[in-house]
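>>> how would this look folded up:
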Amino acid sequence: MDQIMGDGGAFPLETWFWEMPICTRWWTTATVLTSGLVQCKLITPFQLFYSYRTVFQKSQYWRLITTFLYFGPFSIDLLFHIYFLQRYSRLLEESSGRSPAHFSWLLLFSMASLLLLSPFVQMPFLGHPLSSTLVYIWSRRNPDTLMSFLGLLTFRAPYLPWVLMGISFVIHGTVPKDELMGVLIGHIWYFFNDVYPPLHGGSRPLDPPRWWCRLFERRQRHEETANDVDNDIAVARADVRPPDVR
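Numbering: from 1, shown residues only. Below you'll find the predicted structure:
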């Protein structure tokens with residue numbers, strides 16, 4: 001039983017969930033819950049998509065978020081999208097020093113950019129382009145990483161977005177506009193964070209503003225203080241525990 005539960009009495013799935021950085025954890029959770037609610041017919045996809053008229057004329061502002069959470073009904077395709085979402089979101093968030101401020105700013109920038117581009121390409125759901133943005137950024141930051149497709153095709157990470165677009169084109173027979181949008185926005189972020197600074201004295205125009213960082217630093221200090229208090233209470237209880245009498 002202990003082997004099934006794993007270390008600390010937790011199930012492997014539970015351990016995997018809590019080991020994810022916070023932004024990736026809640027984005028993945030919200031995506032699964034949204035598809036589950038649609039599957040149970042508690043909500044419909046028509047309540048989730050983004051359009052300018054429904055948001056700004058009918059004041060349905062939740063669509064600014066739900067458009068990034070719905071990848072379709074439960075299927076193999078959904079599992080595929082969730083795998084890529086949590087994998088590359090997690091890798092990017094961990095490589096940023098597990099900093100919620102910097103990674104959440106990347107998400108906010110990408111989401112705002114996709115919302116601005118969406119009316120021009122008539123794309124109501126933007127979760128896949130957002131995931132593609134993260135895949136592109138990770139692939140450019142890891143140029144020497146070797147990837148494999150079905151054990152047949154081996155290539156380096158920078159080619160990953162193009163391989164995925166090729167697969168999508170073969171399967172669906174149409175140009176993957178969503179992935180092209182993700183590549184475009186991902187390249188803008190990559191350029192101004194990885195290419196531009198060394199050429200301009202370290203200037204990083206897309207870094208989060210100080211007030212944004214302070215919001216997360218204040219929250220992190222609060223959590224660390226709470227953890228310290230819990231640890232002190234646990235130590236105090238251990239100190240006052242009566243000795244064993246045998």
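
>>> which residues are contacting stretch 114-123?
50-52, 64, 67-68, 124, 126, 129-130, 133, 177-178, 181, 184-185 (C-beta atoms under 8 Å, 6 or more residues apart in numbering). (Glycine included, C-beta is placed from N, CA and C.)

>>> same thing but at 6 Å, please
Tyr52, Leu126, Pro129, Lys177, Met181 (C-beta atoms under 6 Å, 6 or more residues apart in numbering).

>>> just how off-centre is the host helix or strand of the last one within its chain?
Looking back up the chat, that one is Met181. Using DSSP states H and E, Met181 maps to helix 177-190. Here helix 177-190 shows a centroid-to-chain-centroid distance of 15 Å under the convention C-alpha atoms, centre = their mean, to the nearest Å.

>>> list the buried residues in that helix.
Counting neighbours by 16 or more other C-beta atoms under 10 Å, one finds that the buried residues in helix 177-190 are Asp178, Glu179, Met181, Gly182, Val183, Leu184, Ile185, Gly186, His187, Trp189, Tyr190.

>>> just stretch 158-170 next, same as before
For stretch 158-170, by 16+ other C-beta under 10 Å, it's Pro158, Leu160, Pro161, Leu164, Met165, Ser168.

>>> adding secondary structure and distance to Ser139, write these out as JSON lines.
JSON lines is the format used below for those (DSSP: H, G, I helix; E, B strand; the rest coil; distance: C-beta to C-beta, whole Å):
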{"residue": "Pro158", "secondary structure": "helix", "distance to Ser139": "5"}
{"residue": "Leu160", "secondary structure": "helix", "distance to Ser139": "5"}
{"residue": "Pro161", "secondary structure": "helix", "distance to Ser139": "6"}
{"residue": "Leu164", "secondary structure": "helix", "distance to Ser139": "10"}
{"residue": "Met165", "secondary structure": "helix", "distance to Ser139": "12"}
{"residue": "Ser168", "secondary structure": "helix", "distance to Ser139": "16"}
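
>>> Leu42: which of these is nearest?
Of all these, Ser168 has the smallest distance to Leu42: 30.0 Å, by C-beta to C-beta.

>>> sorry, back to before: so which of the buried residues of helix 177-190 is the closest to Cys213?
Of the buried residues of helix 177-190, the one sitting nearest to Cys213 (C-beta to C-beta) turns out to be Trp189, at 17.4 Å.

>>> if we can go back for a sec, can you list the contacts of stretch 114-123 in JSON lines and add pLDDT and distance to Arg204?
Listed next are the contacts of stretch 114-123 as JSON lines, based on pLDDT from 0 to 100; distance: C-beta to C-beta, whole Å:
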{"residue": "Tyr52", "pLDDT": "88", "distance to Arg204": "31"}
{"residue": "Leu126", "pLDDT": "92", "distance to Arg204": "26"}
{"residue": "Pro129", "pLDDT": "92", "distance to Arg204": "24"}
{"residue": "Lys177", "pLDDT": "87", "distance to Arg204": "30"}
{"residue": "Met181", "pLDDT": "92", "distance to Arg204": "24"}
